[in-house]
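J.: My questions are about this predicted structure, shown below with the sequence.
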Amino acid sequence: MNHYELLFVLRPTLTDEETKIEIEKIQSNIIAQDANIVVTDDMGMRKLAYPVEKNERGHYTVVYFQALGIAIAEIERLLRINEEILKFLTVKYTNKKDIAQFTKITEAISKKNTPAPAKEEVVVTEETSAIEETPVTEVEEAPVTEETQAIEEATTNKEA
Amino acid sequence: MAERRKFKKRYCKYCEQKVEFIDYKELNSLKFSLSERFKIMPRRLTGNCKRHQELVTVAIKRARQTALIPYVIDRKKVVENPFEIIR
């Protein structure tokens, strides 16, 4: 059994429930290949560094698992068929040092997941939505009003 | 002499911290080896040792593939704070 790490990016257009279902589907696909999943890390919605299929954002998930080498081809085949996935990447941990890191990372994530995973997700989504909406309107409105006021004052002064 | 030596004495930052493995998802660790335009900085400027440079390049290329880091930043899409993308 080799140690693997699979990262995939889901479409931002999916609802929370749909993304959950998709993630579970992929997990079940991995389990079907006689693999055992160690942990799954939900990185949440992130801005993509460059647009992928005209999407600016994506939902990142990382699955750490142990599987045989043959299983990867089938898992990747199923990922390619799935149209909700923008990108995916499997990484194999080969050396002893890498595997030591693998256990370290997985332990850290499992610790992080146990206390309150639901709260974190909520906070992230709120922050992103707030950042998108609020500043744009403020920036557009504020300077215009100041300028117009200044101009008005200037004109009134001149007249006076 | 002053002009010839633009960079300080070279040492590998990753060796100093005893990094054994560079995760492509930890963007802050890659940031050091990236230029403002997200090119991979050469070893002669960063002072990385060969082993760590190879680890970093692999990590950066993986991060690019998964859209965590842009491949290029050109004049068409200029970002004011390029490292703002990295969180």
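T.: That came in fine, so what should we check first?
J.: Show me what the longest helix along chain B is packed up against.
T.: With residue count as the measure and DSSP state H as the assignment, chain B has helix B:50-65 as its longest helix. If you count contacts as 3 or more CB pairs under 8 Å, 6 or more residues apart in numbering or on different chains; DSSP states H and E, helix B:50-65 packs onto strand A:85-93, helix B:13-16, helix B:27-31, helix B:43-46. Any C-beta I mention is one placed from the backbone N, CA and C, and that applies to glycine too.
J.: can you tell me which of these comes nearest to A:Lys54?
T.: Distances from A:Lys54 to each of the helices and strands packed on helix B:50-65 were compared using CB to CB; the minimum, 10.3 Å, belongs to strand A:85-93.
J.: For the closest one, which outside residues touch it?
T.: Under the criterion CB atoms under 8 Å, 6 or more residues apart in numbering or on different chains, residues A:2-11, A:48, A:52-53, A:55, A:58, A:72, A:75-76, A:79, A:99, A:101-102, B:24, B:62, B:65-67 lie in contact with strand A:85-93.
J.: And the buried ones among the residues you listed, selectable in PyMOL?
T.: Command for PyMOL that selects the buried part of these, burial taken from 16 or more other CB atoms under 10 Å in any protein chain shown:
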select buried, (chain A and resi 3+4+5+6+7+8+9+10+11+48+52+58+72+75+79+101+102) or (chain B and resi 24+62+66+67)
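J.: tell me the SS of A:Gly58?
T.: strand (DSSP: H, G, I helix; E, B strand; the rest coil).
J.: Wait, it touches A:Met45, no?
T.: Yes: counting by CB atoms under 8 Å, a contact exists between A:Gly58 and A:Met45, whose distance comes to 7.2 Å.
J.: Lovely, talk soon.
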